[in-house]
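Chemist: Here's a sequence, model it:
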Amino acid sequence: MAEKFGKEINIINNSAKYLDGVDPDTTTSPNHIPDSFFDYVNNFVRKNHDEFSKSAAQESNFDKSSDGLMKIRRKKEKNVKNIVNARKQVDLFNNNTSKFKADSQNMSKGTSDEVYLLNSAVYGNQHDAVHIDEAGDISMLVGFGDLEGSDYNGAKNHFMKTGEWKQALGKVVKLNDMDDNAIIQEPFGAKAFVFKLAEKTKVEKDSGKAFDDNWTYNSALNNFTEAGPQATIGTAFADLAGDGQTKSFADMYEDGMKEDYYVHPDTGESLPEGVLWMKDPANADVLNKLLAKYVTSVMKDMHGPSINEDTGQVKKTQSQLTQDLIKKYSIK
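Modeler: Reported below is the predicted structural model:
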């Protein structure tokens, strides 16, 4: 994590302390409601229950086939649906809290500081206020920066009542949108794919079969793409050799690779320096193609000597070891 100041560092520290006390058995209980949610959920359920009871009391005033009775019943159904949805939202929050605690222990370097801070604030019980809309969906107000003062407090109270937030500081987070801000994990699936691909490459080398660049590239690209943007990010920051020493693709990119790795594979434009852009899921498509290209190059070197099409001579491989391959792709 980059260095944080003020409230941000307090959020991270207090979140860690809170999560230390989170009991998985408690969060998985079907009746558990976090203390920070209890009053909001209780008031929401009571409101919908009261509306349901009033509607039920009015049913006898309408004929069984009347539009009025249908309207009353639809209102009752909506109240029940709202209560059920609120319960599902609480369960989602509980499950995600436990997941965040577990994921933090196995977090990839591909997780951005902003995503980690946001998860800490939401699931580490560091949000400033809660709002439940008419359907039972939950939003939280997360305060960043210097937010003390009557203006913020007044705006916070307005948010709790209406869900509206128009201040420059602070951020409203919908619980349903938190999947887009998930903690990046070690890509065990991608690692397994690379290991199997290496085994296949070795078998084909030993049997004298020629290396298929296109098949290898497309296979890697399809695997990384199907795994999703978060897995792609994790793969870029992972030690694919699995020896705890080999640099990740992101490390090599930052240290310096061949020039063609810094060119957009579709547009030919220069890619940004550094690795911050790799942590953005919006760039996963470009990153997938670079990773597929890199893995293909590694597998081609593992396959061994091949014929130089220009000279007809046998080309010499640098090494079958990934650590030595780094030297080939690095400009340093």
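Chemist: Quickly list the domain ranges of this structure.
Modeler: 7-179, 188-329 (automatic domain parsing).
Chemist: Is it possible to get those out as TSV so that each row also shows mean neighbour count?
Modeler: (Each C-beta comes from the backbone N, C-alpha and C, glycine too.) Output for the domains of the chain, formatted as TSV (neighbours: other C-beta atoms under 10 Å):
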stretch	mean neighbour count
domain 7-179	16
domain 188-329	16
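Chemist: weakest of those by average pLDDT?
Modeler: Of all the domains of the chain, mean pLDDT reaches its minimum on domain 188-329 (a mean of 83).
Chemist: Look up which residues are beta-bridged to the closest residue to M160 other than its chain neighbours.
Modeler: In this structure, M160 finds its nearest non-sequential neighbour in A129, 5.0 Å apart by C-beta to C-beta, 6 or more residues apart in numbering. Residues in a beta bridge with A129, per DSSP bridges, are L141.
Chemist: Pull the contacting residues for A129.
Modeler: Shown in contact with A129 (C-beta atoms under 8 Å, 6 or more residues apart in numbering): 140-141, 156, 159-160.
Chemist: farthest-separated two in those?
Modeler: Spatial extent of the contacts of A129 (C-beta to C-beta) is set by the pair M140 and K156 at 11.3 Å.
Chemist: Quick check: neighbours shared by the two?
Modeler: With C-beta under 8 Å, 6+ apart as the test, M140 and K156 both reach 128-129.
Chemist: Point to the residue nearest the middle of this protein.
Modeler: Residue closest to the average C-alpha location in the chain (C-alpha atoms, centre = their mean): A182, at 2.5 Å.
Chemist: my guess is that residue meets Q230, correct?
Modeler: Yes: contact criterion C-beta atoms under 8 Å: A182 and Q230 qualify, at 5.9 Å.
Chemist: Which of the three states applies to N48?
Modeler: helix (DSSP: H, G, I helix; E, B strand; the rest coil).
Chemist: mind listing what it touches?
Modeler: Counted by C-beta under 8 Å, 6+ apart, N48 has contacts 79-80, 82-83.
Chemist: Could you name the specific helix or strand carrying the closest residue to it other than its chain neighbours?
Modeler: If the residues on either side of it in the chain are set aside, N48 comes closest to N79, at 4.3 Å by C-beta to C-beta, 6+ apart. Using DSSP states H and E, N79 sits in helix 67-104.
Chemist: now Q126
Modeler: Assignment of secondary structure by DSSP H and E places Q126 within no helix or strand.
Chemist: quick one, phi psi at it?
Modeler: With angles defined as degrees, to the nearest 10, Q126 sits at phi -110, psi 10.
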